[in-house]
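Q: just coords:
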Ligand code: GLA
């Protein structure tokens, strides 16, 4: 009698076949099957051995290894001084609990044990997979690849959607046709990267599959066609040669892989949003309304003048801004990006009495105070580097390669972490700081004599964790030249992403729509910048800039003292409107659509109470504006929109008329069920 393991969530099902003494075989992962449905016979019973094939059929398992006739990519590449390189489970134990399963496979030949945890969350529909390998042999094991998870994709999987990009241009959509050639994306930049987001969506007939690796370092994913027409999708850390060498008894645990399946990309996004929301750890246990920021970067850059900044704070508070973030330029001798990273104490020239007068001024106005730091970095021109050149990450005998004039600190060193902890803790103890913008402005190059990419990430996580434990009320924003460290791993330690250094509202619209595929809007740092935009030189109205920033965690990044009367009044209006709507914008679901003729819409909230944001970038080319079909509504429900009542079925099938928009204009519409 063949045994199966079946896990269900509201909308997804997973079925594994459990043959004795083997890794479980993938039978199904996809949209929810009716209760009780299981395969009628074992997979091998359904497929006679083809010609010129091993007599033992080896289908795709949850941990395919190359020891017994699996010719596809292996979930493990490892060896013990050239031996024990082939893995094949000879023992298997499966334990099932509510919504989850733990699969323990052991290979008596190579003495390698692998434990795979699979949890299908009933609410989010997200399957979380984590894999832990233990070296049970008596000699060290070199690991080159350990899949965090191996997923099956159906034979009709056709297209894969991933993201490319760069600094100032994150989340650029890339679509590739799946074929018999392996599709592969690798990131070797040492942090999440601007150009290879660690996730993708796969479109099949009638279903969309999504997966993302919760990790802030190197990573790889591949989709490989396999002999039975299905595809296998593997995710894991990209490991440098020699990076992981496990002594007897030591183990390697992969990052978590989050995967889901739904009818379309928006439902996949909603599932991911729910899973990310479950992983956030907010000060006080729950998210408070996301406060409106002012950030000093683009308004002041490195020119910090205490009086001017106090004046800025006065103007910001008058506009209704709630959190003042002092960006780069505040610390010892930091006049441009050529020096001082590592010297984390206030610049006595700019702040003769330290930061206290400014922080007190800000908090006295009722605003929170936030501070920019870039802990993992050091400039060769700094007190820190002069005292400890050996703390910089590099390869002995090779000239260190700077980027933005800076080097990376070796976060594997306990003394580095403790120096950084002491610096940041001293600031947090002395000043009323409730927010840190934590930057990381370069990629890693040749990370150590023995490659230490993985440990670098773990070192950063550990430092964040230590600071969070000691200062649990402090929120952290993850930034890396804008969106270079946006991933589901760092969200366990942080509360906001700086989405991009490009604040041009036109560029932002597509960057943000990409971001929202994987992360909820309350984490999406979205600022109203200056016009012309510093990154692109394009000019946009205050209304359009604010309208694009509105759905995210709203902020302002310009010298508001320079605004003319009408821009100031408009900004004030948008800030107060954001406050009115932020609960709905930041708790519900998100849908993204296109009505035709370049008219984009985004809906936030729940289907019976929505905020609809409609954007036009290019001028209208049709004589009449397209109608907005809203497939997200309930056909049987009636809705009240702008003074008119509509049948849901009408809005779904025909659409909502909207007033024509000029290029770079925006509409905010409330949709309420009646
Ligand atoms: C990065 C960030 C910016 C700003 C600068 C400061 O580029 O993305 O927002 O903080 O660093 O140097």
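A: On my side now, so go ahead. Owing to the predicted nature of the structure, the values given are computational and were not obtained by experimental measurement. Residues are numbered from 1 along each chain as shown.

Q: where does residue 464 land in three-state SS?
A: helix (DSSP: H, G, I helix; E, B strand; the rest coil).

Q: give me every residue that touches whatever residue of the stretch 51-200 of the chain ends up closest to the ligand.
A: Closest residue of the stretch 51-200 of the chain to the ligand, Cβ to the nearest ligand atom: residue 167 (7.7 Å). Placement of C-beta: from N, CA and C, glycine included. Residues in contact with residue 167, defined by Cβ atoms under 8 Å, 6 or more residues apart in numbering, are 194, 481-482, 484, 501.

Q: would you turn those residues into a markdown table with neighbour count, distance to the ligand and secondary structure?
A: A markdown table is the format used below for these (neighbours: other Cβ atoms under 10 Å; distance: Cβ to the nearest ligand atom, whole Å; DSSP: H, G, I helix; E, B strand; the rest coil):
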| residue | neighbour count | distance to the ligand | secondary structure |
| --- | --- | --- | --- |
| 194 | 28 | 11 | coil |
| 481 | 22 | 4 | coil |
| 482 | 26 | 5 | coil |
| 484 | 28 | 8 | coil |
| 501 | 22 | 5 | coil |
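
Q: wait, isn't residue 178 in contact with residue 202?
A: Yes. Residue 178 lies in contact with residue 202 (Cβ atoms under 8 Å); the separation is 7.3 Å.

Q: can you list contacts of the longest helix along the chain?
A: For the chain, the longest helix by residue count, based on DSSP state H, is helix 565-585. Residues from elsewhere that reach helix 565-585 (Cβ under 8 Å, 6+ apart): 289-290, 292, 319-321, 521-522, 528, 542-543, 546-547, 550-551, 554, 556, 560, 563, 604-605, 609, 611, 668.

Q: following it, which helix or strand shows up next?
A: Counting by DSSP states H and E, the element after helix 565-585 in chain order, helix or strand, is strand 589-596.

Q: Specify the next element, helix or strand, located C-terminal of that following strand.
A: With elements assigned by DSSP H and E, the helix or strand that comes after strand 589-596 is strand 599-606.

Q: other SSEs contacting that next one?
A: If contacts are counted by 3 or more Cβ pairs under 8 Å, 6 or more residues apart in numbering; DSSP states H and E, strand 599-606 sits against helix 505-515, helix 565-585, strand 589-596, strand 609-616.

Q: give me the beta-bridge partners of whichever residue of the stretch 551-674 of the chain sits closest to the ligand?
A: Of all residues in the stretch 551-674 of the chain, the one sitting closest to the ligand is residue 557 (8.0 Å; Cβ to the nearest ligand atom). Counting by DSSP bridges, residue 557 forms beta bridges with residue 529.

Q: how near is residue 324 to residue 311?
A: Distance, residue 324 to residue 311, by Cβ to Cβ, to the nearest Å: 12 Å.

Q: measure the residue in the stretch 201-350 of the chain positioned nearest to the ligand to residue 347 for me?
A: Closest approach between the stretch 201-350 of the chain and the ligand, counting by Cβ to the nearest ligand atom: residue 328, at 3.4 Å. Residue 328 sits at a distance of 11 Å from residue 347 (criterion: Cβ to Cβ).

Q: Overlap in contacts, these two.
A: Counting by Cβ under 8 Å, 6+ apart, the contacts common to residue 328 and residue 347 are residue 334.

Q: Need the nearest residue in space to the most centrally placed residue in the chain, chain neighbours excluded.
A: Among the residues of the chain, the one closest to the centroid is residue 487, at 2.5 Å (Cα atoms, centre = their mean). Leaving aside its sequence neighbours, residue 487 sits nearest to residue 192 (Cβ to Cβ, 6 or more residues apart in numbering; 4.5 Å).

Q: close enough to count as contact, the one you found and residue 482?
A: No. Applying Cβ under 8 Å, one finds residue 192 not in contact with residue 482, separated by 11.7 Å.

Q: backbone phi and psi for residue 460, please?
A: phi -70, psi -50 (degrees, to the nearest 10).

Q: what sits against it?
A: Per Cβ under 8 Å, 6+ apart, neighbours of residue 460: 216, 375-376, 411, 440.

Q: Most neighbours among the residues you listed, please name it.
A: Using other Cβ atoms under 10 Å as the neighbour criterion, residue 216 leads these with 30 neighbours.

Q: I'd assumed that one was in a helix, is it?
A: No. Assigned with three-state DSSP, residue 216 falls outside any helix and is coil.

Q: check contacts around it.
A: Contact analysis of residue 216 by Cβ under 8 Å, 6+ apart lists 191-192, 457, 460-461, 485, 487, 489-490.

Q: re the thing from before, taking the helices and strands packed on strand 599-606 together, which one is wrapped up most tightly?
A: Greatest average neighbour count among the helices and strands packed on strand 599-606 goes to helix 505-515 (a mean of 22), per mean count of other Cβ atoms under 10 Å.

Q: Sweet, I'm off.
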